[in-house]
Structure formats: structure tokens, C-alpha cells
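Colleague: Here's my sequence, what's the structure:
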Amino acid sequence: MTRPAVERTFVMVKPDGVQRGLIGEIIKRMEQRGLQVVALKMVKPSVEHVSAHYPTDDVWIKRLGDKGFNVFNELGIDLKKAMGTTDNLEAGKKVRQWLIDYMTVAPVVAMVIEGIHARDMVRKIVGPTLPNKAEIGTIRGDYSVDSPAAANVEKRSIKNLVHASETKEEAEKEIAHWFSAEEIHEWDRPDHKAMF
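Modeller: Numbers count the residues shown, from 1 in each chain. Have a look, this model is predicted:
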């Protein structure tokens, strides 16, 4: 990682991506953009491991609740009736539990991706969290059809195929949570000389 813009980020193919046979397609899209996989493993995570992956602070949990509320407000659905509460912290706790339930139904594929502006590049490739907001050409836009409203009404997580770290701090925390230093490999892609 000699160039200043080279960074690492954490990416995970979620259970629905594994179950649908999209592991190779997701990795292919990263590699085609000049990003490289420097760590990779399939894991059937425990509830405890997944729970430790997600933040536990009230600000983050309230944000989860707000996301659900925003979807219902856009569609004119009664919050109390759909979520059983109008309190964003209480709703966020429910959504967090749905995430944990979802992430433990099947194996996941965890990876560390390295490259120029890796975090931003991966987030563009993956597309927005909500499948209905994801552009065609992104992973979620091409392969995810789930509805956030349906997920919340059905009291489950949105099936959106892949997780990608949002911030540098989040990437560092998630990489350390899923990988030991010995599992991350330094290597050079010969085609990088032609790219940058």
C-alpha cells in the first residue's frame, strides 16, 4: 500500500448472496474495477459474532429505526401499526435483531478489498442499501428486488446481498473483527501498472 489513495475496506456477501450463488459475480465486479481481494473466507457466524459486528450505541440504533420510519412515511403506512411503536430507539432495536437473525441463517463470505479509494469504489459497485434506490449496473440494482416496506412489515431484514463498510473507522473495526493480521495478504496485481 505505497500510494496515498490506496486503502482497505471490508465487504461481506450476505446469506442471500451466498444462497443465490452470487459470490463469484460479486468478487468479479470488484476485481474488474482494479480492486484486489487481500483476504477471503466463508464463515457461518454465531449470533454473538454478528451482534459484535453491528454497533450498539443508541445513535446508530435510532438511525435504523428512522430508516424504517422513513419508508413507512413515504408510503403512508401507520408506524404504530407496522412497527408496533413510534419510538425510533425501540424500532431500531427490533431492526438490529432482524439483522442478526438474517445474518445467521446461512454462511457469509467475508473479504478485505484493497485499492485506490477502495471504500468509495466498493460502495459505488454495490449501490445504495435500499434495493429500490439502487441503480441498474450496481450489484443491488441488478440482483436485489427486496422491498424495505415489505421487510419491515414482515419483521425481517432487507435482503440486499452484500455489506460494504461506509467509513474508514468502520472498515478498520470490521476488518479486525472478521480477520486476524495473518489472514490478510500483501500482493501485487501486475495489471495495476497499466491502470495507475
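Colleague: Could you list the low-pLDDT ranges of this protein?
Modeller: 1-4, 192-196 (pLDDT under 70).
Colleague: tally of neighbours for residue 71?
Modeller: Residue 71 has 21 neighbours, counted by other C-beta atoms under 10 Å. In short, each C-beta sits where N, CA and C put it, glycine included.
Colleague: which non-adjacent residue is nearest it?
Modeller: Excluding its sequence neighbours, the residue lying closest to residue 71 (C-beta to C-beta, 6 or more residues apart in numbering) is residue 148, at 4.6 Å.
Colleague: So what touches the lengthiest helix in the chain?
Modeller: The helix that spans the most residues within the chain, counting by DSSP state H, is helix 58-75. For helix 58-75, the surrounding residues in contact (C-beta atoms under 8 Å, 6 or more residues apart in numbering) are 54-55, 77-79, 82-83, 86-96, 130, 148-149, 152.
Colleague: now do 7 Å
Modeller: For helix 58-75, the external contacting residues (C-beta atoms under 7 Å, 6 or more residues apart in numbering) are 79, 82-83, 88-89, 91-93, 95-96, 148-149, 152.
Colleague: buried residues in that helix?
Modeller: 61, 62, 64, 65, 66, 67, 68, 69, 71, 72 (16 or more other C-beta atoms under 10 Å).
Colleague: Among the residues you listed, which one sits closest to residue 107?
Modeller: Nearest to residue 107 among those: residue 64, at 24.0 Å, using C-beta to C-beta.
Colleague: can you pull out the strands in this structure?
Modeller: Ranges of strands in the chain, per DSSP state E, are 6-13, 36-43, 108-116, 162-164.
Colleague: Show me what the shortest one is packed against.
Modeller: It stands for strand 162-164. strand 6-13, helix 118-126 (3 or more C-beta pairs under 7 Å, 6 or more residues apart in numbering; DSSP states H and E).
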